[in-house]
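> sequence first, then the predicted structure, then my questions.
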Amino acid sequence: MDKRDCLQAVYRAIFKDNRNIDFHHNEALDSAYLNNEITTQELVRELICSDMFVNFILATNSNYRFVKLCFERVLGRPAIQAEVFKWSSLLASEGIQSFANALTTSDEYMAAFGFHQVPHRRSRKLFSSDQNMPALPKELSIKRYQGEGNENQFKNIGAINPLWEGNMPPAIIRKIGAVATVAGAIEVGRVVLTLAMQAITGGHM
């Protein structure tokens with residue numbers, strides 16, 4: 001795998017929300033990595049601390065869920081409950097930089113990936129892995145994430161903008177729907193009554 005392929009693989013490992021990967025790229029980090037100024041391990045650490053990761057992952061999840069996501073994306077395995085509490089406490093008390101540094105310099109990370117290997121899945125039990133569909137429901141994701149990257153993920157799934165303002169049809173459409181509903185209920189009642197009369201009549205023959 002050449003350097004550019006490794007770069008893309010790191011972004012796919014860290015940003016598993018299935019938005020356009022180019023949307024998340026950090027030009028300064030990309031340049032430093034491609035010029036061998038930083039290692040893969042350092043790139044992973046810096047991406048966790050990046051504004052994009054903080055704004056799109058940390059800010060939109062609880063600390064507990066964030067820790068679980070980081071374990072899966074950085075260590076390649078799910079976190080146990082005790083680890084979730086421990087690392088959530090570290091995140092809350094010392095901040096994202098200390099959290100990212102501790103995670104990417106941990107004995108486990110270094111033994112599994114070292115300085116140059118791209119983090120990858122090491123367990124079958126990952127609750128958020130293999131996200132080939134948007135990580136969030138379409139409407140919620142659109143509200144939470146703005147920009148070209150988010151819109152691109154839905155370009156083959158249908159229009160993003162609602163058909164009617166406020167997601168409500170015009171009054172005339174609502175009235176027609178109400179009339180249709182009443183008419184349908186009357187017709188259903190007539191059919192049921194007819195069948196009941198036929199059943200009664202048949203029972204007396």
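On my side now, so go ahead. Numbers count the residues shown, from 1 in each chain.
> alpha carbons of stretch 80-89, as CSV, please.
Taking Å, rounded to 0.1, in the frame of the first residue of the first chain, the C-alpha atoms of stretch 80-89 are listed here in CSV:
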residue,chain,number,x,y,z
ILE,A,80,-15.5,-3.1,28.2
GLN,A,81,-17.5,-1.2,30.7
ALA,A,82,-14.6,-0.5,33.1
GLU,A,83,-12.6,0.9,30.2
VAL,A,84,-15.5,3.2,29.1
PHE,A,85,-15.6,4.7,32.6
LYS,A,86,-11.9,5.0,32.9
TRP,A,87,-11.3,6.7,29.6
SER,A,88,-14.4,8.9,29.9
SER,A,89,-13.0,10.2,33.2
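> who touches the helix or strand containing Lys86?
Using DSSP states H and E, Lys86 maps to helix 81-94. The contact list for helix 81-94 (C-beta atoms under 8 Å, 6 or more residues apart in numbering) reads 63-64, 66-68, 70-71, 79, 98-99, 102-103. The way it works is simple: take the backbone N, C-alpha and C, and place the C-beta from them, glycine included.
> in the helix or strand following that helix, what counts as buried?
As assigned by DSSP H and E, the chain's next helix or strand after helix 81-94 is helix 96-104. Residues of helix 96-104 classed as buried by neighbour count (16 or more other C-beta atoms under 10 Å): 99-100, 103-104.
> out of the contacts of helix 81-94, which is nearest to Glu42?
Glu42 lies nearest to Leu103 out of the contacts of helix 81-94, by C-beta to C-beta, at 12.7 Å.
> tell me the secondary structure for the residue nearest to that closest one when sequence neighbours are not counted?
Counting by C-beta to C-beta, 6 or more residues apart in numbering, Leu103 lies nearest to Val74, which is 5.5 Å off, once chain neighbours are set aside. Secondary structure assignment for Val74 (DSSP: H, G, I helix; E, B strand; the rest coil): helix.
> likewise for Val118?
Here Val118 takes the coil state, with states given by three-state DSSP.
> who touches it in this structure?
Counting by C-beta under 8 Å, 6+ apart, Val118 has contacts 1, 6, 9-10, 13, 40.
> many thanks, I have nothing further to ask.
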